[in-house]
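>>> what follows is a predicted protein model with its sequence.
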Amino acid sequence: MGLWLEPDPRGFGTHEQLGLPACGAREWLGFPCPACGATTAAALLLHGQPVESWNTQPFGFLFVLGTLAFCLQVMRMHRRGADSFAMLMEGGGRRWGTAFLLSLSMGWAWRLFICG
């Protein structure tokens, strides 16, 4: 999906091209939400601009790479005949969930304190 999106030069707002509303946190509270800029960062990474992607929102950058790694792991397990759903239920999902929450928190801190 990110390949068809044009990264917004503001560093956020690319999701609006999908018909989604503008960030309510930014409009109502005056500061970005935890995922602010993630779609823009994903689009930048998928357009071959990894440094700009990271600098825009580390969470978006890590989410794209994590999703790719997760898909490759599930495909590898499928080829071996393993049950990927069972792996997730046995604790693998906890590792992915922890990585997700840590990268989301890091990305939000980046947007709040580094990007302003």
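Alright, I've got the coordinates.
>>> for this protein, which segments count as helices?
In the chain, the helices defined using DSSP state H lie at 24-28, 38-46, 50-56, 58-79, 84-87, 93-109.
>>> could I get those helices as a markdown table with mean pLDDT, distance to His15 and mean neighbour count?
For the C-beta atoms, the positions are set from N, CA and C on the backbone; glycine is no exception. Listed next are these as a markdown table, based on pLDDT from 0 to 100; distance: least, CB to CB, whole Å; neighbours: other CB atoms under 10 Å:
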| stretch | mean pLDDT | distance to His15 | mean neighbour count |
| --- | --- | --- | --- |
| helix 24-28 | 80 | 12 | 11 |
| helix 38-46 | 92 | 4 | 26 |
| helix 50-56 | 93 | 13 | 19 |
| helix 58-79 | 88 | 10 | 16 |
| helix 84-87 | 76 | 29 | 13 |
| helix 93-109 | 84 | 15 | 14 |
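>>> which one, of those helices, ends up nearest to Asp8?
Asp8 lies closest to helix 38-46 among the helices of the chain, at 5.3 Å (CB to CB).
>>> hmm, back to that, Glu16 is nearest to which of the helices of the chain?
helix 38-46 (8.8 Å).
>>> and Pro7, which of the helices of the chain is closest to it?
helix 38-46 (4.3 Å).
>>> just checking, what packs against that closest one?
Judged by 3 or more CB pairs under 8 Å, 6 or more residues apart in numbering; DSSP states H and E, helix 38-46 is in contact with helix 50-56, helix 58-79.
>>> for the residue lying farthest from the centre of the chain, give me the pLDDT.
Within the chain, the residue lying farthest from the chain centre (CA atoms, centre = their mean) is Gly81, at 29.2 Å. Predicted confidence (pLDDT) for Gly81: 86.
>>> what does Gly92 give?
For Gly92, pLDDT reads 68.
>>> cool, thanks, signing off.
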